[in-house]
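**Q** next comes the sequence, and after it the predicted model I'd like to discuss.
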Amino acid sequence: MKNIINSIKTIAIIIATFVSINTFAYDFQVNGIYYKITSDSTVSVTYGGSGGYNSGNFYSGNIIIPSTVLYNSVTYTVTEIAHNAFYKQNVDTVELANSITKIGEQAFESSSVSRVFFSNNLQSIGRDAFRQCESLDEVILPNSLTLLGDAAFSGCSSLKNTIIIPQGITKIESYVFSKCYSLSKIVLHDNITKIEQHAVAYTNIDSIFLPKNLTQLSNAFVYNCSNLKYIKFKPTIIPDIYIDFNYNTLLNSLPDNITIEVPCGKIEEYKNTNVHPVYDYHFFADLGEIVDTCIIQDITIEICDNQSYDFNDKDLTDAGLYTDTIDSDVINLTLIVYPTYDTVVVFDTIEINGVGTDYEDIVNIHTLQTIHGCDSVVTTKIFYKYSGSGLNDTYQSNEISIYPNPAHDKVTIEGKGEIKITNSLGQIVKEIKDNNVYKTIDIKDIESGVYYIKVGNITQKLVVE
């Protein structure tokens, strides 16, 4: 019997010890920060004590969370602020290392935190994470953020800076900035597709621009925003409005003089939209006066036929007149398409009389030219017809010698007769009336290109560099 009693005592001590050990939320503490091991190499920051997150003052003052911590010869990476870690704690500023990717639910709820320096790699902020943090006056959300939970900043009554929602967030959860009484501006990007109820309720915003790609919207997203004067609906396809709050109570909570701007040409469509299957709820018209601002712009764009022009996400390649609405502006586009040439320019046959055998020659000159801003290949085709029936003169030759060729500053010509140098268009660029057989000509004033030297009745090609 005595052995049985001793065994029972031993079991009771073991159970009591086990329960005692597991009442702690943390595994170890270093430099005043409590940590919970989450894997062989990672930890989260949590609360201290053994009586739960609401049982004592574990943190105070300015807190710096490191990226790594050493414990029992193991270096752990700090990746998370656990749920309730700083619940009701008397902290001032909190700086989070870039290793932290998650802030858990209610992590800082009802604490005295006034400023948080977020991790540049933070991905999610959980539900109620900063709820009722009444001293928090500025929030700069990192671009890495993809999740902002329900009521994450609800009740942050001192929050007054402009809130810019990061591009990775596509849904604004319910109550996320509700009762942020000092908040006057929030910037929503066009990737957002859904806005839940009371998202910015009880704030001081006077205007809000709703995203272009918005597809779902709670009727109570701006409930009791008493300073609201202007709402711009950017979607050209009217979003679905779901009624999740008493309709008349909502309307009574808002000013009477709200201006509702809709995309150009969409006034009647927004005005006539009934958002309820049974009741006559013309939500947009009931909010205020619906207007559109149509600015008409006429623009002309010139492109080459191997190019395209991006017109409101449409790649245009054909010339013509196009019209579209972009951010409430009506754009009338005249698109001019110039061809890129690969053509042949044919000149009249050049007949050369001399002494020798009759023959013909064709010279093709290919040049890259810019025509209307388009790079074009133009081929000049010149026909030479040599006739050997001509009479000999004292210079008994049907040839001329040109050197050097290509030439740069000077060229020497052996051949009798007047000299004409023409360009590929047949225009005379230099003319020398001198019958000497041997001549050296200064060509510094001639631009680089292909030219033709005619001495008497004989013509040869000259390249000037």
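**A** Received, thanks. Numbers count the residues shown, from 1 in each chain.
**Q** got the phi and psi for Phe283?
**A** Dihedral angles of Phe283 (phi, psi; degrees, to the nearest 10) stand at phi -50, psi -50.
**Q** surely it touches Ala220?
**A** No: Phe283 is beyond contact range of Ala220, at 10.9 Å (criterion: CB atoms under 8 Å). For glycine as for every other residue, the C-beta is placed from the backbone atoms N, C-alpha and C.
**Q** got any residues that touch both of those two?
**A** The overlap between the contact sets of Phe283 and Ala220 (CB atoms under 8 Å, 6 or more residues apart in numbering) is empty.
**Q** now Glu269: phi and psi?
**A** Taking degrees, to the nearest 10 as the convention, Glu269 sits at phi -60, psi -40.
**Q** check contacts around it.
**A** Listed by CB under 8 Å, 6+ apart, the contact partners of Glu269 are Ile238, Val262.
**Q** for His408, same thing?
**A** Contacts here follow CB under 8 Å, 6+ apart; on that basis His408 touches Ile443, Val464, Glu465.
**Q** distance of the first one relative to Ile419?
**A** Distance, Ile443 to Ile419, using CB to CB, to the nearest Å: 11 Å.
**Q** of those two, which one has the most company?
**A** Remark: of Ile443 and Ile419, Ile419 carries more neighbours, 20 against 17, as counted by other CB atoms under 10 Å.
**Q** the nearest residue to that one once chain neighbours are set aside: neighbour count?
**A** Nearest non-adjacent residue to Ile419, counting by CB to CB, 6 or more residues apart in numbering: Ile432, 4.3 Å away. If you count neighbours by other CB under 10 Å, Ile432 ends up with 13.
**Q** ok, now Glu431?
**A** Applying other CB under 10 Å, I find that Glu431 has 11 neighbouring residues.
**Q** okay, and the common contacts of Ile443 and Ile419?
**A** Residues touching both Ile443 and Ile419 (CB under 8 Å, 6+ apart) are Lys430.
**Q** for the protein, just list every one of the helices.
**A** In the chain, the helices defined using DSSP state H lie at 2-22, 247-252, 267-271, 283-287.
**Q** if we can go back for a sec, make TSV out of the contacts of His408 and add pLDDT and distance to Thr323.
**A** Compiled in TSV, these are given as follows (pLDDT from 0 to 100; distance: CB to CB, whole Å):
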residue	pLDDT	distance to Thr323
Ile443	83	56
Val464	84	52
Glu465	79	52
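**Q** so of those residues, which ones are in strands?
**A** Val464 (DSSP state E).
**Q** which among the contacts of His408 gets closest to Ile64?
**A** The closest of the contacts of His408 to Ile64 turns out to be Glu465 (CB to CB; 70.0 Å).
**Q** show me what contacts the closest one?
**A** Pro406, Ala407, His408, Ser448.
**Q** need the buried ones from those residues selected in ChimeraX.
**A** Buried members of the contacts of Glu465, defined by 16 or more other CB atoms under 10 Å, are picked up in ChimeraX with:
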select :407
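**Q** which two among the contacts of Glu465 are spaced furthest apart?
**A** Within the contacts of Glu465, Ala407 and Ser448 form the most distant pair, 10.4 Å apart (CB to CB).
**Q** quick check, Ile172 in contact with Pro166.
**A** No: using CB under 8 Å, Ile172 is not in contact with Pro166; the gap is 11.7 Å.
**Q** who's more crowded, the two?
**A** Counted by other CB under 10 Å, Ile172 and Pro166 do not tie: Ile172 has more neighbours, with 23 against 15.
**Q** show me the contacts for the spatially most central residue of the chain.
**A** For the chain, the residue nearest the mean C-alpha position is Gln167 (10.0 Å; CA atoms, centre = their mean). By CB under 8 Å, 6+ apart, Gln167 lies in contact with Asn143, His189, Asn191.
**Q** buried ones among those?
**A** Buried by 16+ other CB under 10 Å: His189, out of the contacts of Gln167.
**Q** in strands, which of the contacts of Gln167 fall?
**A** Using DSSP E, none of these sit in strands.
**Q** looking at the contacts of Gln167, spot the one nearest Asp329.
**A** His189 (19.5 Å).
**Q** I'd guessed that closest one sits against Pro211; true?
**A** Yes: between His189 and Pro211 a contact is recorded at 6.5 Å, counting by CB under 8 Å.
**Q** for the contacts of His408, give me CSV that also has distance to Asn224.
**A** Formatted as CSV, the contacts of His408 follow (distance: CB to CB, whole Å):
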residue, distance to Asn224
Ile443, 87
Val464, 83
Glu465, 81
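**Q** settle this for me: Pro239 is touching Leu214, isn't it.
**A** Yes: counting by CB under 8 Å, Pro239 touches Leu214, with 4.7 Å between them.
**Q** common neighbours of those two, please.
**A** Phe233.
**Q** quick revisit: and the helices of the chain, which one averages the lowest pLDDT?
**A** Across the helices of the chain, helix 2-22 has the smallest mean pLDDT, namely a mean of 44.
**Q** residues contacting the residue nearest to Ile419?
**A** Ile432 sits next to Glu418, Ile419, Lys439, Ile441 when contact means CB under 8 Å, 6+ apart.
**Q** repeat that with 10 Å
**A** For Ile432, the contacting residues are Ile413, Glu418, Ile419, Lys420, Ile421, Lys439, Ile441, Val455, by CB atoms under 10 Å, 6 or more residues apart in numbering.
**Q** per-residue pLDDT, it?
**A** Ile432 is assigned a predicted lDDT (pLDDT) of 80.
**Q** the stretch 301-450 of the chain: strands as residue ranges?
**A** The residue ranges that make up the strands of the stretch 301-450 of the chain, judged by DSSP state E, counting those that start in this stretch, are 309-310, 315-316, 320-326, 329-338, 342-346, 350-353, 359-371, 374-387, 401-403, 410-414, 419-422, 428-432, 438-442, 449-455.
**Q** weakest of those in terms of mean pLDDT?
**A** Taking the mean pLDDT of the strands of the stretch 301-450 of the chain, strand 350-353 comes last: a mean of 54.
**Q** with adjacent residues omitted, what lies nearest to Gly168?
**A** Nearest residue to Gly168, sequence neighbours excluded (CB to CB, 6+ apart): Thr146, at 4.1 Å.
**Q** what of Gly320?
**A** Leu335 (5.9 Å).
**Q** cross-check the contact I'm expecting between the one you found and Asp318.
**A** Yes: between Leu335 and Asp318 there is a contact at 7.4 Å, judged by CB atoms under 10 Å.
**Q** out of those two, which sits in the busier spot?
**A** Per other CB under 10 Å, whichever of Leu335 and Asp318 has more neighbours is Leu335, with 19 against 9.
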